[in-house]
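Trainee: Below is the sequence, then the predicted model.
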Amino acid sequence: MTGEQRRFRRAIVHIGTERTGSTTIQGALAHNRRALRAQGVLVPRSLGREIHARLSAILQSVDPETDPFAQGALRSLGCTLEEARTKVPELFEQEIAQYPDTHTLVLTAEQFHSRFATQESKQALADFVHRYADEVHVIGYLRPQHDLAKSIYNYRIGRGNAIPSRVFPKLTDRNRHYYDYLELIRGYEQAFGPGTVEPVVFDPRAFPEGDVVRDFHARAGLPEEGFAFIKTLNASMRSARSLEFTRLLNNVQAPSVGEPREASRKPWLMDGLRRDQGDKFRVDGRKAVAFQRQFDADNEELRRAYLPDTETLFRAPDEAERPTKVTRQDMVELGGDAYFRIRDVMLVERARRLLAESRLARRRFRFDEARDLALQAARVTPRDGGATIAIARQLARLKAKPAAVRLLEQWIEAHPGERFTDTAEKLRDEYR
């Protein structure tokens, strides 16, 4: 069965844009892939597990050789770019042949926004989709350009990039397309045809239950039966001080050889920084206004052409807003928190290593050695509840229940009402 023979009744093409809940939408589509397929909607896996990065890589205008995102997609295929241009359509046609009862195709990649800078690349995407679908609905979410710049600044820091403190970039011929929504929407409409593109202002307050997934689900006309909504993914860092702390850390800590930048941002550290309750990250309102003003004319033209019932495309930034002040004391406090987190992580890793060695010694019938290693692990007294319970169980197997009880009592006293507390209390009572 070839692509020309197998056609869908319609295709939904989600073009992002970046920083408008795309990761959450993609996560929801992937999570519901099987349920959607049962209702006749295909979210192809052959083009990418969540983001259809493989399709983006073979069609984008940005040189894949200089684009880490595209390089990652090519590595997943295990081939060169030229080979991928043949392999990706073949894999896709093999997949769609397996599901002849599906009538709707869904494609999603925010890279259709960021990496498709030329009309030729947009047309290449349209040609690919039109080969398989009769009717096409393109959905693109738009947030104010100054807000997008602010979110990208936040995102790049969270990904581990070493960058200056400048939030609003200087526009050049190279980056202007990224913020030029009029060119983006018109370009895709020119490629796909009149009336095919639906621009949507990214305003969670206007979405059903404040959820972009629910908004996309409704606009795309996806079936409701069996569809499970998920929580927001890839959220920005809230507090100004945690953002600045991470930026400074990025600028002094290089990743290990061969390690991607984002991998150096350890989850245990980033989770704590994302939960920080410091003052919200704010920017200089005057700079935001100046940056946004560069797009006012184009935004108004876009509004008149596509959203004429909307009074204004975006609300103007607050010129009176002033940057959140981040002090040296803020950095000291966050540095101290990071130190204690490192200490706790190292303790847990040491406890788990000793536990693994104890289990190995027990399997080799070296019981005295196994007991000694388990007691060493108990003395580390990890804060991690799972590790504590695992050590206690190992001690009980090695006939050291009094030590297991002491370990559990220490943990219960220090962590009342936490996730593992009930299990720890049951084991303590059992081992007494």
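Mentor: That came in fine, so what should we check first?

Trainee: Quick check: which ranges of the chain have low pLDDT?
Mentor: Along the chain, the model assigns pLDDT under 70 to residues 1-6, 253-268, 381-382.

Trainee: which one's the longest helix in it?
Mentor: Of all the segments assigned as helix in the chain under DSSP state H, the longest by residue count is helix 328-363.

Trainee: Can you tell me which helices and strands that one packs against?
Mentor: In this structure, helix 328-363 packs against helix 240-252, helix 267-274, helix 367-380, helix 385-397, with contacts taken as 3 or more Cβ pairs under 8 Å, 6 or more residues apart in numbering; DSSP states H and E. Using the backbone N, CA and C atoms, a C-beta is placed for each residue, glycine as well.

Trainee: would you turn those helices into TSV with distance to Arg303 and mean neighbour count?
Mentor: Formatted as TSV, those follow (distance: least, Cβ to Cβ, whole Å; neighbours: other Cβ atoms under 10 Å):
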stretch	distance to Arg303	mean neighbour count
helix 240-252	32	20
helix 267-274	35	15
helix 367-380	61	19
helix 385-397	53	21
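
Trainee: Figure out which of these is closest to Ala35.
Mentor: Minimum separation from Ala35 across those (Cβ to Cβ) falls at helix 267-274, 29.0 Å.

Trainee: how distant is the very next helix or strand once past the closest one from the center of its chain?
Mentor: Per DSSP states H and E, the first helix or strand lying C-terminal to helix 267-274 is helix 285-293. Centre-to-centre, helix 285-293 and its host chain are 28 Å apart (Cα atoms, centre = their mean, to the nearest Å).

Trainee: Start at 22, not 1
Mentor: Will do, 22 is the new start, and the previous item becomes helix 306-314.

Trainee: Output helix 306-314 in PDB with nothing but the alpha carbons.
Mentor: The C-alpha coordinates for helix 306-314 follow below in PDB (Å, rounded to 0.1, in the frame of the first residue of the first chain):
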ATOM      1  CA  GLY A 306       8.500  46.900  31.300                       C
ATOM      2  CA  ARG A 307      10.000  49.600  29.200                       C
ATOM      3  CA  LYS A 308      12.200  47.100  27.400                       C
ATOM      4  CA  ALA A 309       9.200  44.800  26.900                       C
ATOM      5  CA  VAL A 310       7.200  47.600  25.400                       C
ATOM      6  CA  ALA A 311      10.100  48.500  23.000                       C
ATOM      7  CA  PHE A 312      10.500  44.900  21.900                       C
ATOM      8  CA  GLN A 313       6.800  44.400  21.400                       C
ATOM      9  CA  ARG A 314       6.400  47.700  19.400                       C
END
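
Trainee: Just the buried positions in stretch 119-127, please.
Mentor: Within stretch 119-127, the residues that count as buried by 16 or more other Cβ atoms under 10 Å are Thr123, Thr125, Leu126, Val127.

Trainee: which ones among these are found in strands?
Mentor: Thr125, Leu126, Val127 (DSSP state E).

Trainee: could you redo those residues as TSV and give each row distance to Arg226?
Mentor: Output for these, formatted as TSV (distance: Cβ to Cβ, whole Å):
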residue	distance to Arg226
Thr125	29
Leu126	31
Val127	26
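
Trainee: Among the residues you listed, find me the one that's closest to Ser43.
Mentor: Using Cβ to Cβ, those come closest to Ser43 at Val127, 13.1 Å.

Trainee: Do I have it right that the closest one meets Arg31?
Mentor: No. Using Cβ atoms under 8 Å, Val127 makes no contact with Arg31, being 9.7 Å away.

Trainee: hang on, the earlier thing: take the helices and strands packed on helix 349-384 and lay them out in CSV including distance to Thr217.
Mentor: Converted to CSV, these look like this (distance: least, Cβ to Cβ, whole Å):
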stretch, distance to Thr217
helix 261-273, 38
helix 288-295, 38
helix 388-401, 61
helix 406-418, 51
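
Trainee: that older thread, next, the buried residues of the longest helix of the chain.
Mentor: So, applying 16+ other Cβ under 10 Å, buried residues of helix 349-384: 351, 355, 358-359, 362, 366, 368-369, 372-373, 375-376, 378-380, 382-383.

Trainee: Can you give me every residue that contacts Met258?
Mentor: Asn175, Ile178, Gly179, Leu264, Thr267, Leu294, Arg295, Phe302 (Cβ atoms under 8 Å, 6 or more residues apart in numbering).

Trainee: residue contacts, the third one?
Mentor: Going by Cβ under 8 Å, 6+ apart, Gly179 touches Ser257, Met258, Thr267, Arg286, Met291.

Trainee: Quick one: residues contacting the third one.
Mentor: Remark: with contacts taken as Cβ under 8 Å, 6+ apart, Thr267 is in contact with Ile178, Gly179, Met258, Arg286, Met291, Leu294.

Trainee: switch to 10 Å and redo it
Mentor: 175, 178-182, 258, 286, 290-291, 294-295, 355 (Cβ atoms under 10 Å, 6 or more residues apart in numbering).

Trainee: Against Glu39, how distant is it?
Mentor: As defined by Cβ to Cβ, to the nearest Å, Thr267 lies at a distance of 20 Å from Glu39.

Trainee: Longest strand of this structure, counting residues only.
Mentor: Under DSSP E, the chain gives strand 154-163 as its longest strand.

Trainee: Enumerate the positions of it that are buried.
Mentor: Buried residues in strand 154-163 (16+ other Cβ under 10 Å): Ala154, Val157, His158, Val159, Ile160, Gly161, Tyr162, Leu163.

Trainee: got the domain boundaries for this structure?
Mentor: Per automatic domain parsing, the structural domains of the chain span 28-163+223-249, 165-199+259-347, 367-452.

Trainee: Quick check: end-to-end length of the last one?
Mentor: The straight-line separation of the ends of domain 367-452 (Cα to Cα, to the nearest Å) is 28 Å.

Trainee: Pick out the residue closest to the middle of this protein.
Mentor: By Cα atoms, centre = their mean, the chain has its centre lying nearest to Asn255, at 3.7 Å.

Trainee: Sounds good, over and out.
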